[in-house]
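Undergrad: got a predicted structure here, sequence first:
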Amino acid sequence: MKLSIPPSEYSIKAVRSGGAGGQHVNKVSSRVELYWDFRNSEALTAEQKIRIADKLQSRISDDGMLRVTEDSSRSQHGNREAVVKKLHKLISAALKVNKKRVPTKVSAAAKKKRVDSKKKRSEVKSLRRKISD
């Protein structure tokens, strides 16, 4: 399913990234946070909005904004591109509908094989017993 989210619907903010990097990390805002108000999006149907709210509830804030972050690259530009790709990947995974499981029965041959192996095992164990007078 190909879904296109217009860039005007989300906002991107650069913040300081934590972790290793020495003095450089204290000066540069390379971590990127993307906020998307998916409930007011015109790119989604009502059913899709419900599915996203259900599947991605851990990423949704109290005010209904979907938050995606990226700080894998040391450059802000690289993280901007990566966070948009990450958003698209998350949305397509959340909108994917799983196939309904069709319950199956154990075949007659499989049942017979199981019973035969139990009988054989029982016979082997019975041969180990002491013979009584």
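TA: Happy to help now that I have it.

Undergrad: just the C-alphas of stretch 121-133, formatted as CSV.
TA: Output of stretch 121-133 as CSV, limited to C-alpha atoms (Å, rounded to 0.1, in the frame of the first residue of the first chain):
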residue,chain,number,x,y,z
ARG,A,121,7.4,-47.4,22.6
SER,A,122,5.0,-49.2,25.0
GLU,A,123,6.1,-52.5,23.5
VAL,A,124,9.8,-51.6,24.0
LYS,A,125,9.2,-50.7,27.6
SER,A,126,7.2,-53.8,28.3
LEU,A,127,10.1,-56.0,27.0
ARG,A,128,12.3,-54.4,29.7
ARG,A,129,10.1,-55.6,32.5
LYS,A,130,11.0,-58.6,34.6
ILE,A,131,9.2,-61.8,33.6
SER,A,132,7.0,-63.0,36.5
ASP,A,133,6.3,-66.7,37.2
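
Undergrad: what is the mean pLDDT for it?
TA: For stretch 121-133, mean pLDDT is 89.

Undergrad: off-centre distance for it?
TA: 54 Å (C-alpha atoms, centre = their mean, to the nearest Å).

Undergrad: next SSE downstream of the lowest-mean-pLDDT helix or strand in the chain?
TA: Among the helices and strands of the chain, helix 23-27 carries the lowest confidence by mean pLDDT, DSSP states H and E, at a mean of 71. Elements were assigned by DSSP states H and E; along the chain past helix 23-27, the next helix or strand is strand 31-36.
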